[in-house]
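Chemist: No sequence on hand, only this structure:
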């Protein structure tokens, strides 16, 4: 059956998410671009500490996806008054989750990073970064929740505005605090972390003001007192916990991936710090259209149009590739100019180019993989998504271990693991959507 979802509808959801996904990407890009001109140690340390921090943040991201799926389903069902009830339960969980993660980061970061990072120089710089950065985890958790509300409602304009605000705040404060400009003290890597926290605070303030001023609070029953409904909390957690665990394991193993690279030496981790930032920029549309696939899948199932899921996913994939392929080609044709944004070290630039070629190809495979994988979660089968992710990540980690410890391959061959992951997760997700009985899943 052909899809009734138009390309315009897909883009109306996707393009603000693209800008929204740029929020963390811009922080990473700005930190990497500025710190690359400070030194290779600071560059590697900010990458290691940044990924370590995001491993914790993925718990909030995973939980917010569960909330997003339910909000999108209620929108499709026309039960608008339940949206505020679901969001209120989300606020309750996020308050406890953010406090717990803050305490973990505050108390255990020093010991954890000491056990993972080999280089004393990179460890010292990473601790300096986390000294400030861990305060942002509370604000990040609530920002994810507000994004899930707007993505679930298919009204993603405020995500655009918050992203622009974050970009302005982060870039301005990065320049001032890293290099000691505009009357600020010269803080180096610590300044990059503090600038990121301020940007996250600014985004949360914006979300609160915009929601109160612009959304029909009574229609959605937002910010009203709602008694905790045990059955609803159970359903939310049943849906969200597999997604939280899946995100935690996925990004946790990505951190292990970089820890393996860090053990190869300070140059490989500096190279990875640069190419990771470029890769994140190329794949911004990948994850935006994947989130679009998630919310549209949930919505059209709520509308009773299960037969339209597969044709809609292929339409979303075409739109994703429409953006990803040109971005990858630009990076592949002018890699030196792209890398020079981050560093003027000729040796580092030369070492980055082969890795960048690999990641340009990997981005195309990831576009395929993530659209179909997020659609599995959109059907409500988050446990199935978790099991698929675990299987694929097992292959992914074995591949990385072989490349780094047995083959002792050059860094560009280690990064082919991203290509393997994208192809594998896409195939198993496509197979599930074709073969499994997911059409009657109720949430």
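Modeler: Arrived safely. If you're wondering where the values come from, they're calculated on a predicted model, not measured in any experiment. Residues are numbered from 1 along each chain as shown.

Chemist: next structured bit after the longest helix anywhere in the chain?
Modeler: Using DSSP state H to define each element, the chain has its longest helix at helix 40-77. As assigned by DSSP states H and E, the chain's next helix or strand after helix 40-77 is helix 81-116.

Chemist: next structured bit after that next one?
Modeler: The next secondary structure element downstream of helix 81-116 (using DSSP H and E) turns out to be helix 120-133.

Chemist: now for that following helix, which elements pack on it?
Modeler: helix 40-77, helix 81-116, helix 189-214, helix 266-282 (3 or more Cβ pairs under 8 Å, 6 or more residues apart in numbering; DSSP states H and E). C-beta: built from backbone N, CA, C; applies to glycine.

Chemist: Can I get the ones you listed in a markdown table including mean neighbour count and mean pLDDT?
Modeler: Putting those into a markdown table (neighbours: other Cβ atoms under 10 Å; pLDDT from 0 to 100) gives the following:
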| stretch | mean neighbour count | mean pLDDT |
| --- | --- | --- |
| helix 40-77 | 25 | 85 |
| helix 81-116 | 17 | 93 |
| helix 189-214 | 21 | 94 |
| helix 266-282 | 24 | 84 |
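
Chemist: Save these as a markdown table, and put in distance to residue 293 too.
Modeler: Below are those laid out as a markdown table (distance: least, Cβ to Cβ, whole Å):
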| stretch | distance to residue 293 |
| --- | --- |
| helix 40-77 | 11 |
| helix 81-116 | 21 |
| helix 189-214 | 24 |
| helix 266-282 | 18 |
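
Chemist: mind checking which of those helices is nearest residue 151?
Modeler: For residue 151, the closest of the helices and strands packed on helix 120-133 is helix 40-77, at 5.3 Å, according to Cβ to Cβ.

Chemist: what's the spacing between that closest one and its chain's center?
Modeler: For helix 40-77, the gap between its own C-alpha mean and the chain's C-alpha mean amounts to 5 Å (Cα atoms, centre = their mean, to the nearest Å).

Chemist: same thing with stretch 361-372?
Modeler: So, by Cα atoms, centre = their mean, the centroid of stretch 361-372 is 15 Å from its chain's centroid.

Chemist: average model confidence for it?
Modeler: The average pLDDT for stretch 361-372 rounds to 95.

Chemist: So for it, what gets flagged as buried?
Modeler: 362, 363, 364, 365, 366, 367, 368, 369, 370, 371, 372 (16 or more other Cβ atoms under 10 Å).

Chemist: residues touching the fifth one, list them.
Modeler: The reference is to residue 366. Going by Cβ atoms under 8 Å, 6 or more residues apart in numbering, residue 366 touches 283, 286, 418, 421, 422.

Chemist: my read: the last one touches residue 362, true?
Modeler: Same thing as residue 422. Yes. Between residue 422 and residue 362 there is a contact at 6.0 Å, judged by Cβ atoms under 8 Å.

Chemist: The helix or strand hosting residue 432 versus helix 266-282: what angle between them?
Modeler: With elements taken from DSSP H and E, the one containing residue 432 is helix 417-435. Our comparison of helix 417-435 with helix 266-282, counting by axes from the mean of the first three to the mean of the last three Cα atoms, to 10 degrees, yields an angle of 40 degrees.

Chemist: can you pull the buried residues of helix 417-435?
Modeler: Of the residues in helix 417-435, those buried under the neighbour-count criterion (16+ other Cβ under 10 Å) are 417-426, 428-430, 432-433.

Chemist: Not counting its own residues, what contacts that helix?
Modeler: The contact list for helix 417-435, computed with Cβ under 8 Å, 6+ apart, reads 257, 279, 309-310, 313, 358-359, 361-362, 364-373, 375-376, 379, 381, 384-385, 388-389, 391-393, 395-396, 399-400, 403, 438.

Chemist: okay if I get the buried residues of stretch 361-372 as TSV plus secondary structure?
Modeler: Output for those, formatted as TSV (DSSP: H, G, I helix; E, B strand; the rest coil):
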residue	secondary structure
362	helix
363	helix
364	helix
365	helix
366	helix
367	helix
368	helix
369	helix
370	helix
371	helix
372	helix
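
Chemist: Quick one: the helices in the stretch 301-443 of the chain, in order.
Modeler: Along the stretch 301-443 of the chain, counting by DSSP state H, counting those that start in this stretch, helices occupy 309-333, 335-339, 346-378, 382-401, 411-414, 417-435.

Chemist: Single out the most deeply packed of those.
Modeler: helix 346-378 (a mean of 22; mean count of other Cβ atoms under 10 Å).

Chemist: now that helix, how far from the centre of its chain.
Modeler: On Cα atoms, centre = their mean, the centre of helix 346-378 falls 14 Å from the chain's centre.

Chemist: cool, and stretch 168-176?
Modeler: Going by Cα atoms, centre = their mean, where stretch 168-176 is centred and where its chain is centred differ by 21 Å.

Chemist: Could you do stretch 416-430 as well?
Modeler: Average the C-alpha atoms of stretch 416-430, do the same for its chain, and the two points are 17 Å apart (Cα atoms, centre = their mean).

Chemist: how near is residue 110 to residue 48?
Modeler: As for residue 110, its distance to residue 48 is 14 Å (criterion: Cβ to Cβ, to the nearest Å).

Chemist: dump the residue contacts of the most far-flung residue of the chain relative to its centre.
Modeler: Using Cα atoms, centre = their mean, the residue of the chain lying farthest from its centre is residue 183. It sits 33.4 Å away. Applying Cβ under 8 Å, 6+ apart, one finds that residue 183 lies in contact with residue 176.

Chemist: Sticking with it, tell me its helix or strand.
Modeler: Using DSSP H and E, residue 183 sits within no helix or strand.

Chemist: before we move on, the earlier item: out of the buried residues of stretch 361-372, which comes closest to residue 273?
Modeler: Taking Cβ to Cβ as the measure, residue 362 is the one of these closest to residue 273, at 17.1 Å.

Chemist: Now do the contacts for the closest one.
Modeler: Applying Cβ under 8 Å, 6+ apart to residue 362 gives the contacts 279, 415, 416, 418, 419, 422.

Chemist: gap between it and residue 206?
Modeler: 34 Å.

Chemist: likewise residue 212?
Modeler: In this structure, residue 212 lies at 11 Å from residue 206, with Cβ to Cβ as the measure.

Chemist: quick one: contacts of stretch 248-256?
Modeler: Outside stretch 248-256, the residues that touch it by Cβ under 8 Å, 6+ apart are 48, 51-52, 54-55, 58-59, 62, 389-390, 393, 396-397.

Chemist: Pull out the buried residues from that stretch.
Modeler: Using 16+ other Cβ under 10 Å as the test for burial, stretch 248-256 gives 248, 249, 250, 251, 252, 253, 254, 255, 256.

Chemist: Can you check what angle separates the particular helix or strand that has the third one in it from helix 417-435?
Modeler: Assigning secondary structure by DSSP H and E places residue 250 in helix 230-262. For the pair helix 230-262 and helix 417-435, the angle between their directions (the same axes, to 10 degrees) equals 150 degrees.
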